[in-house]
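Novice: Turn this into a structure:
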Amino acid sequence: MKRAVTIKDIAERLNLSRNTVAKALNGQYVPEETRERVLKTAREMNYKSLNVGKSEGEIKKRRILLVSGKPLNSINYFVPIVRGIENFCYENGHEFFHHTYNVNKTPFSAFTEYVKELRPDGICAIECFDKQLIEKLLNLDKPLCFVDFTAQDL
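Specialist: Down below sits the predicted model:
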């Protein structure tokens, strides 16, 4: 099986630092000549990256919805995770939304309408343990990621 090309591989071929190559691939500032060399080499080496060879205008900005079953700011364990998702979205120009869904107080139809209006590209669910909520989230026809998921049978 062929090994995936890494940033280190590209850096070694071009005699550049990994940091410079990563910056070029992620759209951060590097001299234009360097960026072009890195992108050309990445394409030649079949580097698998979402943004390789795309200009900033061609990179699709995403809308990410974080759904939680309870307020996360009071759970120290989740604060760095939420900050990490939020920082990733900010650094990559994606929009980040957080919605705390209380299964006992809000009908799911209201949440569904919110999701339809928001039109997220993907949903991350944290601290969502209600079986019916999980099933309904799965039926929203959106890419979905669960963090701290229940091990119950669905």
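Novice: in the chain, which ranges drop under the pLDDT threshold?
Specialist: 1-2, 49-59, 150-154 (pLDDT under 70).
Novice: so where do the strands sit in it?
Specialist: For the chain, the strands defined by DSSP state E occupy 63-68, 95-100, 122-126, 144-147.
Novice: So what's the residue count around P80?
Specialist: A count of nearby residues for P80, using other C-beta atoms under 10 Å, gives 10. Any C-beta I mention is one placed from the backbone N, CA and C, and that applies to glycine too.
Novice: Would you mind finding the most buried of the strands of the chain?
Specialist: Comparing the strands of the chain by mean neighbour count (mean count of other C-beta atoms under 10 Å), strand 63-68 ranks first with a mean of 21.
Novice: what's F149 in contact with, if anything?
Specialist: Applying C-beta atoms under 8 Å, 6 or more residues apart in numbering, we find F149 in contact with A125, C128.
Novice: Return the distance of it relative to E127.
Specialist: 10 Å (C-beta to C-beta, to the nearest Å).
Novice: How many residues are close by E86?
Specialist: 15.
Novice: you'd agree it is up against E95?
Specialist: No: E86 is beyond contact range of E95, at 10.7 Å (criterion: C-beta atoms under 8 Å).
Novice: Show me where this structure has its helices.
Specialist: For the chain, the helices defined by DSSP state H occupy 7-14, 18-25, 32-44, 79-91, 108-118, 131-138.
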